[in-house]
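Undergrad: based on what follows, work out the 3D shape:
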Amino acid sequence: MKYFLLCLLSLLQVVAQGSDISMLRSLNINRNTSLDGSMQFISNSEYAVGILVPVSICAAAWATRKHTTLEKGVNISLAVILNTASTYVVKRVIDRPRPSVTYPDIQAFESERHYSFPSGHTSNAFCVATSLSLNYRKWYVALPAFAWAAGVGYSRMHLGMHYPSDVLAGALLGAGSAYATYRVNKWMKKKYEKWF
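TA: Now for the predicted structure:
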């Protein structure tokens with residue numbers, strides 16, 4: 001039975017890897033190259049947005065002296081820190097090479113020395129989008145935040161930097177980090193209020 005399960009898992013991995021690379025090839029090799037510049041801009045926006053959103057919210061809290069705004073800024077900042085650390089660890093543990101290393105026909109837009117799984121850009125983008133949506137429960141916050149995060153995820157495949165499974169795992173890890181941080185902060189706030 002043990003050998004049967006091992007064989008089944010190996011077969012599933014081969015099938016999953018085959019569909020993963022097939023999907024990436026259809027997105028990368030057949031891409032509209034006139035969108036490459038826009039995709040690079042969207043991809044790189046993750047750095048700026050990931051830093052500017054929490055810093056701006058904390059700065060707004062300082063300027064307006066609103067404690068609730070500061071809580072939201074700190075919550076989002078902690079989520080980004082947790083997510084960045086988690087993504088770093090998972091990348092090192094899984095140690096998956098970039099698609100263009102394994103499949104030379106994938107046209108990678110840039111040479112990246114870090115590992116592929118999960119997508120760090122996508123992870124951080126979904127972390128910020130989820131944190132914003134949890135802290136500011138308005139459709140006009142959630143809709144553009146998740147549209148931007150999905151754009152970042154798509155751009156990573158368009159540019160040949162990640163497999164679809166890398167992007168999916170990054171989205172789940174980012175959203176999960178944001179949700180976990182949000183729930184822990186809520187729990188800590190309740191405990192803190194009981195003490196005083």
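
Undergrad: and the helix or strand harbouring residue 134, what other elements does it pack with?
TA: Under the criterion of DSSP states H and E, residue 134 resides in helix 120-135. In this structure, helix 120-135 packs against helix 36-64, helix 67-94, helix 139-158, helix 164-195, with contacts taken as 3 or more C-beta pairs under 8 Å, 6 or more residues apart in numbering; DSSP states H and E. Heads up, the C-betas are built off the backbone N, CA and C, glycines and all.

Undergrad: so which of those gets nearest residue 108?
TA: helix 139-158 (10.5 Å; C-beta to C-beta).

Undergrad: what average pLDDT does the closest one get?
TA: Here helix 139-158 scores 94 as its mean pLDDT.

Undergrad: same question for that helix: list its buried residues.
TA: 142, 145-146, 148-158 (16 or more other C-beta atoms under 10 Å).

Undergrad: ok, those residues vs residue 103, which is closest?
TA: Among the buried residues of helix 139-158, and counting by C-beta to C-beta, the member closest to residue 103 is residue 157, at 13.1 Å.

Undergrad: about what we covered before: quick check: mean pLDDT of the helix holding residue 134?
TA: Rounded mean pLDDT across helix 120-135 is 94.

Undergrad: go through the helices and strands packed on helix 120-135 and name the closest to residue 125.
TA: Going by C-beta to C-beta, the one of those nearest residue 125 is helix 139-158, 3.9 Å.

Undergrad: who are the neighbours in contact with the residue nearest the centre of the chain?
TA: In the chain, the centroid-proximal residue (C-alpha atoms, centre = their mean) is residue 123; its distance is 1.2 Å. By C-beta atoms under 8 Å, 6 or more residues apart in numbering, residue 123 lies in contact with 83, 86, 87, 169, 170, 171, 173, 174, 177.

Undergrad: out of those residues, who's the most crowded?
TA: residue 174 (33 neighbours; other C-beta atoms under 10 Å).

Undergrad: mind listing what's buried along stretch 27-38?
TA: 27, 28, 31.

Undergrad: out of the residues you listed, who's nearest residue 132?
TA: Closest to residue 132 out of these is residue 27 (26.8 Å), distances taken as C-beta to C-beta.

Undergrad: grab the nearest non-local neighbour of the closest one.
TA: residue 157 (4.7 Å; C-beta to C-beta, 6 or more residues apart in numbering).

Undergrad: do you know how far the one you found is from residue 101?
TA: Taking C-beta to C-beta, to the nearest Å as the measure, residue 157 falls 16 Å from residue 101.

Undergrad: just residue 18 next, same as before
TA: Counting by C-beta to C-beta - residue 18 and residue 101 are separated by 17 Å.

Undergrad: look at these two and report which has more neighbours.
TA: Ranked by neighbour count (other C-beta under 10 Å), residue 18 and residue 101 place residue 101 first, with 14 against 10.

Undergrad: which of the helices or strands spans that one?
TA: With DSSP H and E as criterion, residue 101 is part of helix 99-102.
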